[in-house]
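Peer 1: Mind folding the following:
(chains A, B and C)
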Amino acid sequence: MNSGKTPIRNPLAVAVSLGLLVSLPLAAQAQDSVEERLAALEEKLAEVEPQATGAEGFSFNTYARSGLLLNGDLQSAPGSPYLTPAGSVGGAVGRLGNEPDTYLEAILNYKQEAENGTKSHYRLMIADSTTSSNDWTAGDGALNVRQAYVEFSDLAGFSGIFRDSAIWAGKRFDRDNFDIHWLDSDFIFLAGLGAGVYDVKFAESVKSNFSLYGRSFIDFPSDPQTASETSSTDSLILTANNYFGNVQWMLNGINAQDNETRVVGGVQEAADTGFHTMLAYHAGDFFGLSDGNFKVAVMHGQGLGAEAKNIGADGDLHEDAVSTRLGIYGTTYLGENWRIAPAILAETSEDRYIKGDEYQWLTFNTRLAHEIGSNFEMQYEASWQTMDITPLGYAGRNSVDGDYSRFTVAPTFKPQVGGFWNRPEIRVFASYSTWDDELDGYATGDALGEADTDFTSGQWTFGTQMEIWF
Amino acid sequence: MNSGKTPIRNPLAVAVSLGLLVSLPLAAQAQDSVEERLAALEEKLAEVEPQATGAEGFSFNTYARSGLLLNGDLQSAPGSPYLTPAGSVGGAVGRLGNEPDTYLEAILNYKQEAENGTKSHYRLMIADSTTSSNDWTAGDGALNVRQAYVEFSDLAGFSGIFRDSAIWAGKRFDRDNFDIHWLDSDFIFLAGLGAGVYDVKFAESVKSNFSLYGRSFIDFPSDPQTASETSSTDSLILTANNYFGNVQWMLNGINAQDNETRVVGGVQEAADTGFHTMLAYHAGDFFGLSDGNFKVAVMHGQGLGAEAKNIGADGDLHEDAVSTRLGIYGTTYLGENWRIAPAILAETSEDRYIKGDEYQWLTFNTRLAHEIGSNFEMQYEASWQTMDITPLGYAGRNSVDGDYSRFTVAPTFKPQVGGFWNRPEIRVFASYSTWDDELDGYATGDALGEADTDFTSGQWTFGTQMEIWF
Amino acid sequence: MNSGKTPIRNPLAVAVSLGLLVSLPLAAQAQDSVEERLAALEEKLAEVEPQATGAEGFSFNTYARSGLLLNGDLQSAPGSPYLTPAGSVGGAVGRLGNEPDTYLEAILNYKQEAENGTKSHYRLMIADSTTSSNDWTAGDGALNVRQAYVEFSDLAGFSGIFRDSAIWAGKRFDRDNFDIHWLDSDFIFLAGLGAGVYDVKFAESVKSNFSLYGRSFIDFPSDPQTASETSSTDSLILTANNYFGNVQWMLNGINAQDNETRVVGGVQEAADTGFHTMLAYHAGDFFGLSDGNFKVAVMHGQGLGAEAKNIGADGDLHEDAVSTRLGIYGTTYLGENWRIAPAILAETSEDRYIKGDEYQWLTFNTRLAHEIGSNFEMQYEASWQTMDITPLGYAGRNSVDGDYSRFTVAPTFKPQVGGFWNRPEIRVFASYSTWDDELDGYATGDALGEADTDFTSGQWTFGTQMEIWF
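Peer 2: Okay, the predicted model is just below:
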């Protein structure tokens, strides 16, 4: 009787114990190896990801522009933000539809992290600049190395005020250079060979950079091919960059041994030392009026510091040279689809190269963009520059007093419309520029002075261009 | 008695409910987190993969060749597919065992995809060409930037006939240039600075490209170092490329302002405009005879269009210049292990540079390969060129009428034998070339004209070379 | 009664069978798809990983140094490991704090693996060298292509003694060149264009390399800009490199057709052939005394082989020229934190350029490093060189007999201290060098001969530098 029941219970017991003995251990075991394989995948992917994304190992950055700039005769038109007399001393006008060159920077990075957590970043920048329209520019091109440096950060052995500091050595553009993009002009362009430390943190919102740069004097970059006459280290620049919240105070001391022996305008009065300072404010809104940003800076320099932007780059400066430059720009939206970016750059300079000379110029520029489609916007740029320059014969230049105006319309395609900094862009453009005849007399061979009947006192130019950075 | 049974049932109940309460929830829970981790891995890998494979971000492409070309005295031998008199006007002969140079293109790409799906592709090509055998060629090399452009595709805002279109701007080689590899000659080489649109689709099998190119005139590329005399934009080329299935019809209009003022051969009769057209057929079989491919094209040009390959690159062309060029090549297998690629390139040109001059040449070339092992094949190339050139003193050249023949044997190693386009290859080679003495008199200083007693009317050359592209 | 029990058993049976029917199949099914997704992830990651890590596809390598070298007047100081009279024939002194240049090599690799398993490696090396301190060196720089070659390995079709062999062709530095880093001097620098095979394995510890190199003669690399006068292939080098365990025996035969017609010192006695051999020992300990390594090599050459390092690179060598060079260096730790690397390089050479001339020099150099923190160490380098050179007027040089000494202290930062080969490094340094006045008279315009009152017979120099390789 009991036995009659067992057969009923036993199957259950068997089935259940089967369930417990077989299925559950199996499941557990399977989950084990899944666990192992998941862990292995996650570990390997964690190694691969930074390599693939460039967080470690190799990565590539670029700035590049290239296009056609034509005059009404369908021939190359001279152009450049620095094409006016004021441009010869840094007075840029708007760049939109004003660039005849192919200029590019190919930046090869290699990032490593040591076992102790210290990070290193090697940066190589190869650049080229040419106005050639040839498909082979071995004779016209200017490929050269502009940067080659290493920077260490997160240093395991650093503490205290240096805990968040980075150190660097080699050849570089200073990390904290910043610009007015629409004028293709930096507020400050500090570059050369040397070493330094960034982000020495004295307090939560107080930090400083200290660097020593050595560099050669350059001609003005209007001719990249011949921009480097002397190649030895002519000037040494000791720089301190101090940040108090949004306020930046920069100090530069410049020394150029024996430069007082240089003959400029027939006399030996060139500066062998210089001082330069900048007070800047970096804001996260558009002059407190709306969203956006703005930057304003006043630069003042004496002697070799009187080249207000390219620190320590001009060896012809007079020992009494004094320059004061003002730079302002901002960006904001005017409603849904309209962006505006006004900018002002102005300078007054005395005893610059020849005792008694005077350089005064002011540029007002505005870039306006109307966002129309997901890939299309209309861009407009207006520039007005006034200048009063009395060079007293420096570099064979004549006194000029007059104005230059330029207006450009540029239908623009881009992968995604929106914001001021989205690139790449593909543009076609038309520009009209006009200026006082007097400006043609400043220097022979400069853009305005060219003996081209189509290029005096006013002209239309046309063209197409791409611009990209990443 | 009942109670006597319960102890038997209870353990089961416990065990089972244990199984249900413990094991199943656990399994469910485990599968849950496994699900999450798998999803996370799949998502992250989907981000990483395009970066790693170059589908997005940085990628690298190359064409390069380098090797030794020696004569019987174990000294450098002159060579080039363009070494004959006909070569001075584009008449190439076979390249196998005929290249003394190190030529390379380093192509750096950066691809991005915007949120709206629009894709952008930046391409930078740095190239070098030298015949130097030095390990330091700062004085001989020719590093320069040949391309720097952006191209947008899959534009979110484009529709209708432009839905599949791509637009570009900058400096580039036209996307649709194509060549006869074995002669190192393009059918069309269109390059310069400008902008355009590709793949405007009028119907399923009807699409067109439209571009504007501006370029400088070049010397013939025989001397890469000095290949760019004038660097301004000399000629503008408006091009339309139309595809009807396998048929391609290209139209080029060329304008070079003021070029009529150029003095050639003592007179001012240079063309300032030109017209060029090409009718081509691209086939997916070997002349209908077997598997493989073939391409045939007829090019016709007048005035500045009379340079049939390098569109708009030759400024010396006479206003009455007329050229007609034929190009054909095909590739197929002859049985298992034998590949053959015959090619014909021929041109007739009149009033080319001097009113009344005549240029006629025809090249027949065949590349044969015998696939022997997994890494080894024997390659053979035979070239025969006949020419009848009456330059009427242009560039100090003399009339010639004669033939040039060349035969090369090249044992070749490659990672994987098979097909015409597998690279890299490592070759050793021996060539015998012979030609009519008369050809030596065409021009002083050209390859055949060289006052080298070992290099008149016939010679053996030897060497080794690598070639790669990816 | 029985029926009274069933209701108790049935729920169990149901519950259990529920457990068996529902939970287990579910688990099984879930594990199935997990299995599939894991397999897919593992497969895809296996494809992605080599691309991301550079094992396949693109990878980037570099050697670079850049910094400032200043004298007591804070002006550029001349410098170079090759700045002494002995340096003109390869006699280097220590490099620490002795390098005024920016020199860099950007190496772009592309690796592929064919279906049959054969691997190919394309290598492009672009290099630059300049002493310019300008941020734009288009006029001073020397960007050029030093290597462009392909190498195949793991060839599917190779077997027997070639099973582990690699073959190459193109332009390259020989794979097996090796150097004394602290003197910036190779034991052997073999470079040029050609082809060859590596690792022909005759026995477990016996293998050989065979290559043919063609190259141009160079000036001594002291002036990279003009380092390539002649660009044709002047000399052919047949090289065999044989390894017997730690012993390396290299043999080089050199031929330079027609070089006997070269006029050196007014006579035609230049060599047109040459022979060079090296016997080297590569050890895995520090002269058997401690952990570390050492290398010792004796090089002997005659005729064109009398340039003991740069094989086949010097065309001025006399037909009777004989040179013997010794090179030794080792590295080891002196206790916990002190590293030492002593080196000796010495040569005796007769009838080198002019029958009867004599060149004898010996350099002793030691690099010492004291590891202090995780990112910081003190480096010290001492060099002493003695030379007795009787050039008999070759290249306008005068006889000199004297010594040169140099000592450098260099506080050094690096991401992770430890070992001799860890880079990058950021250094500041001070050097004192002194030498016999007589050495100033060797050649006009060389570093010691410079008419700079601050630079005769002894000087302090200062500076900063980065050095990196990866």
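Peer 1: For the stretch 101-250 of chain A, which residues are neighbours of chain B?
Peer 2: Residues of the stretch 101-250 of chain A lying near chain B by CB under 8 Å from any CB of the partner chain: A:102, A:104, A:106, A:126, A:128, A:130-141, A:143. C-beta here means a position set from N, CA and C on the backbone, and glycine is covered the same way.
Peer 1: who's in contact with A:Val400?
Peer 2: A:Pro85, A:Met387, A:Asp388, A:Ile389, A:Glu438, A:Leu439, A:Gly441, A:Tyr442 (CB atoms under 8 Å, 6 or more residues apart in numbering or on different chains).
Peer 1: mind running it again at 7 Å?
Peer 2: Going by CB atoms under 7 Å, 6 or more residues apart in numbering or on different chains, A:Val400 touches A:Pro85, A:Met387, A:Ile389, A:Glu438, A:Leu439, A:Gly441, A:Tyr442.
Peer 1: and if you look at A:Gln248?
Peer 2: So A:Gln248 contacts A:Asn241, A:Ala280, A:His282 (CB under 7 Å, 6+ apart).
Peer 1: what's the answer for A:Leu236, then?
Peer 2: Applying CB under 7 Å, 6+ apart, the residues contacting A:Leu236 are A:Leu212, A:Gly214, A:Asn255, C:Leu74.
Peer 1: what's the helix or strand for it?
Peer 2: For A:Leu236, the element it lies in under DSSP states H and E is strand A:235-244.
Peer 1: Using PDB, write out every CA atom in that strand.
Peer 2: What follows is strand A:235-244 as a C-alpha-only set of coordinates in PDB (Å, rounded to 0.1, in the frame of the first residue of the first chain):
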ATOM      1  CA  SER A 235      65.200  87.600 -27.900                       C
ATOM      2  CA  LEU A 236      64.400  86.000 -24.600                       C
ATOM      3  CA  ILE A 237      61.000  86.500 -23.100                       C
ATOM      4  CA  LEU A 238      60.200  85.900 -19.500                       C
ATOM      5  CA  THR A 239      56.400  85.600 -19.200                       C
ATOM      6  CA  ALA A 240      54.000  85.400 -16.300                       C
ATOM      7  CA  ASN A 241      50.300  84.900 -16.900                       C
ATOM      8  CA  ASN A 242      48.100  85.400 -13.800                       C
ATOM      9  CA  TYR A 243      44.400  84.600 -13.500                       C
ATOM     10  CA  PHE A 244      42.000  85.900 -10.900                       C
END
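Peer 1: For it, buried residues please.
Peer 2: A:Ser235, A:Leu236, A:Ile237, A:Leu238, A:Thr239, A:Ala240, A:Asn241, A:Asn242, A:Tyr243 (16 or more other CB atoms under 10 Å in any protein chain shown).
Peer 1: and what of stretch A:62-76?
Peer 2: Quick answer for stretch A:62-76 (16+ other CB under 10 Å): A:62-71, A:74-76.
Peer 1: Any chance of the contacts of A:Leu236 in a markdown table with pLDDT as columns?
Peer 2: Shown next, in a markdown table, are the contacts of A:Leu236 (pLDDT from 0 to 100):
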| residue | pLDDT |
| --- | --- |
| A:Leu212 | 98 |
| A:Gly214 | 96 |
| A:Asn255 | 97 |
| C:Leu74 | 90 |
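Peer 1: Who wins on neighbours among these?
Peer 2: A:Gly214 (27 neighbours; other CB atoms under 10 Å in any protein chain shown).
Peer 1: Could you check how many residues crowd around A:Lys201?
Peer 2: 16.
Peer 1: quick one on the thing from earlier: following element in sequence after the strand holding A:Leu236, please.
Peer 2: strand A:247-255.
Peer 1: all helices for chain A, in order.
Peer 2: A:2-18, A:24-53 (DSSP state H).
Peer 1: re the thing from before, nearest to chain B among the contacts of A:Leu236?
Peer 2: A:Gly214 (23.3 Å; CB to the nearest CB).
Peer 1: Grab the nearest non-local neighbour of that closest one.
Peer 2: Leaving aside its sequence neighbours, A:Gly214 sits nearest to A:Thr233 (CB to CB, 6 or more residues apart in numbering or on different chains; 4.0 Å).
Peer 1: Which phi and psi values does that neighbour adopt?
Peer 2: Dihedral angles of A:Thr233 (phi, psi; degrees, to the nearest 10) stand at phi -80, psi 110.
Peer 1: how many neighbours does it have?
Peer 2: A:Thr233 sits with 29 neighbouring residues when counted by other CB under 10 Å.
Peer 1: Test my guess that it contacts C:Thr131.
Peer 2: No - the pair A:Thr233 and C:Thr131 does not pass the contact test of CB atoms under 7 Å, sitting 9.0 Å apart.
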